[in-house]
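1. I'll drop the sequence and a predicted model, then ask my questions.
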Amino acid sequence: MKILLTNDDGIFAPGIQRLCQELEQEHEVVVVAPDRERSATGHAITIHHPLRAKDMTFSDLKSKCIAIDGTPADCVKIAIESLLDQQPDIVISGINAGPNMGYDVLYSGTVSAAVEGLLLGIPAIAVSLVTDDRWDFSYSAKFISKLLKEYQKVDIPDDVILNVNVPVDCNGKHRITKLGNRSYKNTFEQRIDPRGESYYWLAGEAVEEGNSADTDVSTVKEGIASITPVKFSLTADSEIEKLKNWNL
């Protein structure tokens, strides 16, 4: 397969480099990723300044690598529409350093890069490592390599991405899941800069409540890899007829 590999942690991040090492053993891989971390950028694209692309060389990678001074969605868009000689067979975004579960998918640059692939007609997978402090991407990289073999055997609808979350201490099992409840209790810490002006720093912690066993949140807590098919058709079809009756 011809794989376009990207992420939101930046091209120098260990997750994307470990995944590239694994995939390029059997596939043609091109890495087009942000030149620095772009976490929680969602599906933002750059329209107010030009994008710059810089060829990169890494001693332990044989694949072509390009750094973009833009968002993850920018990377997929410019790669497919300008930089690549031919379209990839699939877009893989990751391996993200940290989970992308539940409502995370709305903020995640990792997931949004995969969605951008779908918008451009390319199948896509987003993958994240679930851990707080041990960044060992070896198992998750091998898991994605194995998943790709199965992926090629099935007919995934063209409006669905796979959102994969792999625990760092995965027990070797996987489960097909739905998005769980994972939101954030946010706080804004007020600080004063050297000029005496106030600024605010977003902080907070994840809130994971009311999750059944078939959700991504509960699954990874069991040490099981979670594979969630995610569809981004946002229309609430069930409400259309009700709203048609409004007297406006």
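-> Ah, there it is.

2. Enumerate every residue touching the residue nearest the centre of the chain.
-> The chain has Thr110 as the residue nearest its centroid, 2.2 Å off, counting by C-alpha atoms, centre = their mean. Thr110 is in contact with Asn7, Asp8, Asp9, Pro72, Ser93, Gly94, Asn96, Asn100, Ala126, Val127, Ser128, counting by C-beta atoms under 8 Å, 6 or more residues apart in numbering. The C-beta positions use only the backbone N, C-alpha and C, and glycine is treated the same way.

3. and with 6 Å instead?
-> Going by C-beta atoms under 6 Å, 6 or more residues apart in numbering, Thr110 touches Asp8, Ser93, Gly94, Asn96, Asn100, Ala126.

4. Now flag whichever of the residues you listed is closest to Ile192.
-> When the contacts of Thr110 are ranked by distance to Ile192 (C-beta to C-beta), Asp8 comes first, at 30.6 Å.

5. ok, back up a step: ranking the contacts of Thr110 by neighbours, who comes first?
-> Ser93 (35 neighbours; other C-beta atoms under 10 Å).

6. those strands in this protein, which residues are they?
-> Using DSSP state E, the strands found in the chain span residues 2-6, 28-34, 53-56, 64-68, 90-97, 124-130, 160-167, 174-176, 183-192, 198-207, 225-231.

7. could I get those strands as TSV with mean pLDDT and distance to Glu241?
-> Output for the strands of the chain, formatted as TSV (pLDDT from 0 to 100; distance: least, C-beta to C-beta, whole Å):
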stretch	mean pLDDT	distance to Glu241
strand 2-6	98	40
strand 28-34	98	43
strand 53-56	98	48
strand 64-68	98	44
strand 90-97	97	36
strand 124-130	98	33
strand 160-167	98	26
strand 174-176	98	32
strand 183-192	88	30
strand 198-207	88	34
strand 225-231	97	21
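
8. Can you tell me which of those strands is nearest to Asn247?
-> With C-beta to C-beta as the yardstick, what comes closest out of the strands of the chain is strand 225-231 (33.0 Å).

9. Extract the CA atoms of that closest one and return them as PDB.
-> What follows is strand 225-231, C-alpha atoms only, in PDB (Å, rounded to 0.1, in the frame of the first residue of the first chain):
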ATOM      1  CA  ALA A 225      -7.000  -2.000  22.300                       C
ATOM      2  CA  SER A 226     -10.100  -0.100  21.100                       C
ATOM      3  CA  ILE A 227     -11.200   0.200  17.500                       C
ATOM      4  CA  THR A 228     -14.000   2.600  17.000                       C
ATOM      5  CA  PRO A 229     -15.700   3.300  13.600                       C
ATOM      6  CA  VAL A 230     -16.400   7.000  13.600                       C
ATOM      7  CA  LYS A 231     -18.800   8.700  11.100                       C
END
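
10. who does that strand touch, helix- and strand-wise?
-> Where contact means 3 or more C-beta pairs under 6 Å, 6 or more residues apart in numbering; DSSP states H and E, strand 225-231 is packed against strand 160-167, strand 174-176, helix 216-221.

11. what does it contact?
-> Under C-beta under 6 Å, 6+ apart, the answer for strand 225-231 is 159-166, 170, 174, 176-177, 179, 216, 219-220.

12. and that strand, how far from the chain's centre?
-> Computed by C-alpha atoms, centre = their mean, to the nearest Å, the chain-centroid distance of strand 225-231 equals 12 Å.

13. hang on, the earlier thing: and of the strands of the chain, who's closest to Trp246?
-> Evaluated over those, closeness to Trp246 peaks at strand 225-231, with 27.4 Å, by C-beta to C-beta.

14. What average pLDDT does the longest helix seen in the chain get?
-> Across the chain, the longest stretch assigned as helix under DSSP state H is helix 138-151. If you average the pLDDT over helix 138-151, you get 97.

15. tell me what that helix is packed against?
-> In terms of contacts (3+ C-beta pairs under 6 Å, 6+ apart), helix 138-151 is packed against helix 14-23.

16. Could you tell me the angle between the helix it packs on and strand 124-130?
-> 120 degrees (axes from the mean of the first three to the mean of the last three C-alpha atoms, to 10 degrees).
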